[in-house]
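Novice: Please find the sequence and the predicted model below.
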Amino acid sequence: MDESEIAPPAKRVFLPLFVSTGGAAIDRLAFFHVLERFKTQKRTGWAYPPLVWHDSLARVSDSISDHKYRMAILAITLDVSKRMAVVHNIAVAQVDDITPRACISKPEKQRLEAGVMRNFVHDMLHGSPAALRIEAL
């Protein structure tokens, strides 16, 4: 297959941001449901082309949850910021893993992710002390 046969990436459609119910407990629960997406979302940077770990293994892409877990263990092993390892790329739960292949500019990616973080911190977690710690990281 040559490059002329490769289809351009499809236009990305992002999920709408959460609209607060006004109830802190309900909104916090919604936040944790959004985080559940980490288990099923694949890291797209590894999906195109799929990463091959070993010749005897099938071509695999790790989930965002897989990646975040390894980052947390690495942080513990290297004695670096465990909090940062756990919350890094948390916006990916909402906007997916945006890579250069998505043809989204870096400023647009930053704008999308910043909007998601504002939504998480202020609409879903109601600016709680924990939410503000996440935002500060």
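Specialist: Happy to help now that I have it.
Novice: Could you double-check that I64 sits in contact with Q41?
Specialist: Yes. Counting by CB atoms under 8 Å, Q41 is a contact partner of I64 at 4.9 Å. The way it works is simple: take the backbone N, C-alpha and C, and place the C-beta from them, glycine included.
Novice: Which of those two has more residues huddled nearby?
Specialist: I64 (22 against 16; other CB atoms under 10 Å).
Novice: For the more buried one, which residues are in contact?
Specialist: R37, F38, Q41, K42, R43, N89, V92, A93, D97 (CB atoms under 8 Å, 6 or more residues apart in numbering).
Novice: The first one: what's it in contact with?
Specialist: Counting by CB under 8 Å, 6+ apart, R37 makes contact with I64, A93, Q94.
Novice: again, but for the fifth one
Specialist: Each residue near R43 by CB under 8 Å, 6+ apart is listed here: S61, D62, S63, I64, H67, D97.
Novice: Take these and write them to CSV, including distance to V80 and pLDDT.
Specialist: Formatted as CSV, those follow (distance: CB to CB, whole Å; pLDDT from 0 to 100):
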residue, distance to V80, pLDDT
S61, 26, 71
D62, 21, 77
S63, 23, 82
I64, 20, 82
H67, 16, 82
D97, 22, 78
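Novice: Closest one of those to D123?
Specialist: Nearest to D123 among these: I64, at 21.5 Å, using CB to CB.
Novice: where's the closest one relative to R37, distance?
Specialist: Look at I64 and R37: by CB to CB, to the nearest Å, they are 8 Å apart.
Novice: now swap in I104 and tell me
Specialist: Distance from I104 to R37, by CB to CB: 19 Å.
Novice: likewise H126?
Specialist: Taking CB to CB, one finds H126 at 21 Å from R37.
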